[in-house]
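*Asks:* Provided below are the primary sequence and the corresponding predicted coordinates.
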Amino acid sequence: MATKGNSGDRKSNNSLLSIFVIAGLCGFFYILGAWQRSGFGKGDNIALEISKQTDCSVFNNLNYQKSGDAGMIDDGEQVKEFKPCEDKYIDYTPCQDQMRAMTFPRDNMIYRERHCPPDSKKLPCLIPAPKGYANPFPWPKSRDYVPFVNAPYKSLTVEKAVQNWIQYEGNVFRFPGGGTQFPHGADAYINELASVIPMDNGIVRTALDTGCGVASWGAYLFKKNVIAMSFAPRDSHESQIQFALERGVPAVIGVLGTIKLPYPSRAFDMAHCSRCLIPWGANDGMYMMEIDRVLRPGGYWVLSGPPINWKNNYQAWQRPKEELEEEQRKIEDVAKLLCWEKKHEIGEIAIWQKRINNDFCREQDPKPTMCKSTNPDDVWYKKMEACVTPHPETDEVTGAAWQPFSERLNAVPSRISSGSIPGLSVETFLEDSRTWKKHVNAYKRINNVIDSGRYRNIMDMNAGMGGFAAALQSPKLWVMNVMPTINERDTLGVIYERGLIGIYHDWCEAFSTYPRTYDLIHANGVFSLYKDKCNMEDILLEMDRILRPEGAVIFRDKVDVLIKAKTIALHHSEQVFLDYIREVIVTGRAQPFLVRSYRLLQMGHLASSQPAKECSFCRIVSLPIYVLHLI
């Protein structure tokens with residue numbers, strides 16, 4: 001009897017063990033499946049997770065008062081259906097189109113500048129993704145690896161093979177971190193710069209990289225908590241900027257030609273040129289003067305490569321030594337005219353520093369020609385001039401002490417405290433910061449992948465004082481803060497003072513980037529701002545062009561404007577619920593090699609004759625938000 005009992009116990013124990021093993025395996029595969037569908041695997045089911053949290057009560061009998069009929073679409077009005085473009089437009093950049101560029105003069109790189117198509121030539125279709133498109137790797141792996149199918153261009157792997165820019169390995173590109181001037185790696189190069197420039201204590205935070213290539217310099221600067229705005233033209237080297245953004249590095253298509261750079265004055269702590277092929281001494285030093293405009297007082301300019309150290313390198317560069325000597329002489333003369341102080345020259349690296357104020361330079365001879373413009377930040381499509389932008393008269397702005405990052409992120413910028421921006425005060429800045437912290441916390445409640453590493457490249461289409469980006473600040477992501485050129489109040493300089501980056505842009509035109517380069521787009525008041533300025537459809541098409549598959553858009557605007565946006569985007573497919581959080585599932589649209597479906601979330605208590613029910617999140621948001629997910 002005892003033996004039989006022991007045998008039964010063993011069988012029972014074995015059964016229990018089997019149950020535990022099976023349950024464990026089920027749990028493991030459940031977690032594995034969830035991980036694969038979380039945005040880090042092959043699928044993405046973000047909207048499903050968000051839907052589980054959208055459990056606020058919804059009223060069907062709302063007393064809704066519209067704020068006007070502007071932007072509304074009548075029930076009988078037909079909404080145009082946008083179809084996929086041809087496959088040849090997979091990497092279409094409307095304002096830097098190669099065929100159109102060749103019709104413009106080549107002098108001073110005019111043909112590489114922005115040349116946007118007229119309305120009659122705009123593509124009224126959806127830019128498709130390439131066959132086999134894959135989600136980028138999460139940062140920091142994306143810094144070193146990019147899926148080949150996302151940008152299948154091998155020319156750089158051949159042309160820059162000995163310089164370690166990029167290598168093709170099976171189904172991925174690998175970026176070893178090399179550059180023309182640092183073929184053995186960006187880390188050693190940056191450390192050499194850091195021996196002169198204070199990069200390790202947060203004093204230098206924002207940088208500008210001219211002629212950036214694939215932006216390895218900017219990619220490795222993140223290790224020092226420095227964020228670089230990199231740019232290069234769309235030229236014969238295919239997809240330099242596309243590679244940079246696929247890697248998760250801030251970059252735009254751009255060139256120093258005849259038009260001022262789309263950045264405010266006194267924006268960057270450091271500017272950099274590593275063999276960027278810009279003729280710095282040409283045009284009476286106009287390009288160096290433009291760098292002087294965007295450099296903060298006390299900022300640094302780095303020039304590496306020709307003509308620095310020409311005496312030892314002219315034979316390797318295969319250029320006449322007299323030509324290189326004259327080129328460096330012109331650069332030195334312009335730097336002296338700008339009153340820059342030379343801090344370092346060893347090997348092929350030279351570093352200058354812009355003076356804190358004009359006191360040191362008042363007696364210099366010759367004196368530079370000063371720019372007559374009353375607004376040095378009025379740069380959109382404005383011609384560059386061979387003149388020096390004067391320091392502001394306000395001492396607080398001119399010689400303001402540099403605060404280390406991240407203290408400067410939430411400190412009151414000098415442009416605000418000095419009262420140099422009409423209508424903005426210390427109190428309005430602090431209130432704006434509090435408001436955006438509250439809104440971003442709300443966003444994270446309904447989309448808990450925002451700061452998980454799933455989104456790396458984020459854009460704020462109407463950035464204000466940078467509150468959205470400041471509230472999101474994380475080493476996992478970066479935000480391109482866009483200042484619409486038609487805004488009455490220009491606060492892009494405030495954004496840079498906070499240690500963030502941004503750019504001027506007019507949303508009636510295409511943005512200077514490749515398709516599929518942003519994971520999350522935040523559109524706060526954009527459609528109201530551009531009402532009667534250009535078509536909402538064009539803005540939506542541009543957002544679709546630059547948004548990555550499985551990316552997300554947050555719309556925040558007036559109710560009637562959002563209804564129109566929803567109607568255009570979703571082709572009248574579902575009813576709009578004007579109340580608390582409400583999920584609307586709508587029919588997807590098919591594209592070649594990619595099926596996208598839309599999921600729309602609307603949040604915010606709009607107007608109701610009913611008392612608010614239990615929904616703590618709904619009370620936080622004062623304006624409606626639409627979150628549009630591409631799955």
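*Replies:* Yes, it's here.
*Asks:* residue 194: neighbouring residues, count only.
*Replies:* By the criterion of other C-beta atoms under 10 Å, residue 194 has 16 neighbours. C-beta coordinates here come from the backbone N, C-alpha and C atoms, glycine included.
*Asks:* same check on the one 4 residues further on?
*Replies:* Close neighbours of residue 198, defined as other C-beta under 10 Å, add up to 14.
*Asks:* residues in contact with it?
*Replies:* Residue 198 makes contacts with residue 204, as judged by C-beta atoms under 8 Å, 6 or more residues apart in numbering.
*Asks:* tell me the phi and psi of it?
*Replies:* phi -70, psi 80 (degrees, to the nearest 10).
*Asks:* and the pLDDT for it?
*Replies:* Note for residue 198: predicted pLDDT of 95.
*Asks:* check residue 446 too.
*Replies:* pLDDT, read off for residue 446, is 78.
*Asks:* distance of residue 340 relative to residue 264?
*Replies:* Per C-beta to C-beta, to the nearest Å, residue 340 is found 20 Å from residue 264.
*Asks:* ok, the two, which is more surrounded?
*Replies:* Comparing residue 340 with residue 264 by other C-beta under 10 Å, the one with more neighbours is residue 264, at 26 against 23.
*Asks:* looking at it, that one is touching residue 496, isn't it?
*Replies:* Yes - in this structure residue 264 lies within contact range of residue 496 using C-beta atoms under 8 Å: 6.4 Å.
*Asks:* could you list the low-pLDDT ranges of the stretch 501-631 of the chain?
*Replies:* 569-631 (pLDDT under 70).
*Asks:* state the number of residues packed around the closest residue to residue 103 other than its chain neighbours.
*Replies:* Spatial nearest neighbour of residue 103, excluding adjacent residues (C-beta to C-beta, 6 or more residues apart in numbering): residue 111 at 7.8 Å. Residues lying near residue 111 (other C-beta under 10 Å) number 20.
*Asks:* where do the strands sit along the stretch 101-250 of the chain?
*Replies:* 145-147, 167-169, 172-174, 206-210, 227-232 (DSSP state E, counting those that start in this stretch).
*Asks:* which one of those strands has the lowest average pLDDT?
*Replies:* strand 167-169 (a mean of 92).
*Asks:* so what are the sheet partners of it and their directions?
*Replies:* strand 172-174 (antiparallel) (DSSP bridges).
*Asks:* and the strands in the stretch 301-450 of the chain, which stretches?
*Replies:* Going by DSSP E, counting those that start in this stretch, the stretch 301-450 of the chain shows strands at 341-346, 349-353.
*Asks:* between these, which one is closest to residue 170.
*Replies:* strand 349-353 (35.5 Å; C-beta to C-beta).
*Asks:* now do the buried residues in the closest one.
*Replies:* 349-353 (16 or more other C-beta atoms under 10 Å).
*Asks:* and that strand with strand 341-346, angle?
*Replies:* Orientation of strand 349-353 against strand 341-346 (axes from the mean of the first three to the mean of the last three C-alpha atoms, to 10 degrees) gives an angle of 170 degrees.
*Asks:* CA atoms of strand 349-353 as CSV?
*Replies:* Written as CSV, here are the backbone C-alpha positions of strand 349-353 (Å, rounded to 0.1, in the frame of the first residue of the first chain):
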residue,chain,number,x,y,z
ILE,A,349,42.4,70.5,-37.6
ALA,A,350,42.0,74.2,-36.9
ILE,A,351,39.6,75.7,-34.3
TRP,A,352,38.5,79.3,-33.9
GLN,A,353,36.3,80.8,-31.2
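*Asks:* show me how far that strand is from its chain's centre.
*Replies:* 28 Å (C-alpha atoms, centre = their mean, to the nearest Å).
*Asks:* and that strand, what does it pack onto?
*Replies:* The contact analysis (3 or more C-beta pairs under 8 Å, 6 or more residues apart in numbering; DSSP states H and E) places strand 349-353 against helix 186-194, strand 295-304, strand 341-346.
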